[in-house]
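Trainee: sequence below, structure please.
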Amino acid sequence: MLLQVLGTAAGGGVPQWNCACPGCSGARAHPARRRSHASLAVRADDEHWYLVNATPDLAAQIEDTPALHPGPQRRRTPVAGLVLTDAELDHTLGIARLREADRIELLATAPVRAALGDRAHLDDLLTPYAELVWRELGSRPMPLCDGSDVEISALPVSGKRPRYAVNGSGTAAGPGAPPHADPWVIALRLHDRRTGGTVVYAPALAAWPDAFQEALVGADCVLIDGTFWDDEEPRRSGFSSRTATGMGHLPIDGPDGTATRLAPLATRCFYTHLNNTNPLVDPDAPQHKRLAEMGLAVAAEGMEIAL
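Mentor: Modelled structure (predicted):
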């Protein structure tokens, strides 16, 4: 199994177009600090790749990755489809960018499929241009595509809906249900039956259910939500009245932070989906040293992971 990290930023990217915070200003002054929206490319076999989430930066991310370039025929592309971890705009706006294709294959959970179809009217918008082929993602592993040794399965980690679907389709978690009861936001488990390699990709993480922990213990590599450094970051930065946890993202730092949970794992762990306010967007920030001392790091755009 081969993976390419296409992007590592949370919504808005780094820099964000309307923001002059230290992270965004630093990225404008030092282009090497720029980050595009979090995404991953997974090679299903010798000819086909799947993109995890369709970000607003999708076209540029494809152009920056030679393995995803079309050819040798004029209209032949190795991009075979998309895998969606949720229905948020930052992870789905790029679907429309693929309208030049004859056929777009999308793997998503039932609530995400319903939200994009019934509330965002994605099918109505795109079917005049391209055929949309949906495959439902569930907890049972299935081949990424026909004949692929790479299996994919969903790990529900949040029942958080996108704002446009708050009162829309999909089943809301019932009274007393855990916050991850409905698969509105999932992590992905990718397993190569040929090599035995396993990766867990969780760009948005609001809860840490037992099934997720079990998947981490059995993984060779983990790419995980690094949106906020600590729980108070959104309020301290002044762009929200909610905490990181309140916004659906477990923070990295703190007694119950994800770094403390990840450090004991005997596997490679990388943070992705960094918000522009996160000090980790500055490569010289002391928080990088703290992560390194725990055996953790931030994912680099363009990095290749072979399992």
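
Trainee: ok so residue 300 is a strand residue?
Mentor: No: using DSSP: H, G, I helix; E, B strand; the rest coil, the secondary structure at residue 300 is coil, not a strand.

Trainee: give me the neighbour count for it.
Mentor: Using other CB atoms under 10 Å, residue 300 has 13 neighbouring residues. Backbone N, C-alpha and C define where each C-beta goes, glycine included.

Trainee: is it true that it touches residue 5?
Mentor: Yes: with contact defined as CB atoms under 8 Å, residue 300 counts as touching residue 5 (6.8 Å).

Trainee: count of neighbours near the residue nearest to residue 234 when sequence neighbours are not counted?
Mentor: Nearest residue to residue 234, sequence neighbours excluded (CB to CB, 6 or more residues apart in numbering): residue 240, at 3.9 Å. Residues near residue 240, counting by other CB under 10 Å, number 14.

Trainee: what of the one 10 residues further on?
Mentor: The burial count assigned to residue 250 is 25, neighbours taken as other CB under 10 Å.

Trainee: repeat that for the one 5 residues further on.
Mentor: Close neighbours of residue 255, defined as other CB under 10 Å, add up to 5.

Trainee: name the helix or strand for it, please.
Mentor: Assigned by DSSP states H and E, residue 255 belongs to neither a helix nor a strand.

Trainee: list the contacts of residue 283.
Mentor: 32-33 (CB atoms under 8 Å, 6 or more residues apart in numbering).

Trainee: secondary structure element holding it?
Mentor: Going by DSSP H and E, residue 283 is not in any helix or strand.

Trainee: what about it, distance to residue 35?
Mentor: 11 Å (CB to CB, to the nearest Å).

Trainee: and for residue 237?
Mentor: From residue 237 to residue 35 the distance is 17 Å (CB to CB).

Trainee: between the two, which one's more packed in?
Mentor: Under the criterion of other CB under 10 Å, the comparison of residue 237 against residue 35 puts residue 35 first, with 24 against 17.

Trainee: which pLDDT value belongs to the nearest residue to that one once chain neighbours are set aside?
Mentor: Residue nearest to residue 35 in three dimensions, not counting chain neighbours: residue 9, with 3.7 Å by CB to CB, 6+ apart. Note on residue 9: pLDDT of 98.

Trainee: ok, now residue 168?
Mentor: Residue 168 is given a pLDDT of 45.

Trainee: again with residue 266
Mentor: Taking residue 266 on its own, its pLDDT is 82.

Trainee: number of nearby residues for it?
Mentor: 8.

Trainee: ok, now which ones touch the residue nearest the centre of the chain?
Mentor: Centroid-nearest residue in the chain: residue 203, 3.8 Å away (criterion: CA atoms, centre = their mean). Counting by CB under 8 Å, 6+ apart, residue 203 touches 38, 53, 85, 91, 223-225, 272-273.

Trainee: measure it to residue 95 for me?
Mentor: Relative to residue 95, and taking CB to CB, residue 203 is found at 17 Å.

Trainee: just checking, residue 41 is part of a helix?
Mentor: No: assessed with three-state DSSP, residue 41 is strand; it does not lie in a helix.

Trainee: which element is the closest residue to it other than its chain neighbours on?
Mentor: Excluding its sequence neighbours, the residue lying closest to residue 41 (CB to CB, 6+ apart) is residue 4, at 4.3 Å. Per DSSP H and E, residue 4 falls inside strand 2-7.

Trainee: chain center to that strand, what's the gap?
Mentor: 11 Å (CA atoms, centre = their mean, to the nearest Å).

Trainee: quick one: the strands in the protein, in order.
Mentor: 2-7, 39-43, 49-52, 79-83, 103-108, 131-136, 142-143, 150-158, 185-192, 198-202, 221-225, 268-272, 297-298, 304-306 (DSSP state E).

Trainee: I'd like these as TSV, with distance to residue 248 and mean neighbour count appended.
Mentor: As requested, the strands of the chain are exported to TSV (distance: least, CB to CB, whole Å; neighbours: other CB atoms under 10 Å):
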stretch	distance to residue 248	mean neighbour count
strand 2-7	19	23
strand 39-43	19	24
strand 49-52	18	24
strand 79-83	20	21
strand 103-108	18	21
strand 131-136	23	14
strand 142-143	27	14
strand 150-158	6	24
strand 185-192	7	25
strand 198-202	12	24
strand 221-225	9	25
strand 268-272	15	22
strand 297-298	20	18
strand 304-306	26	14
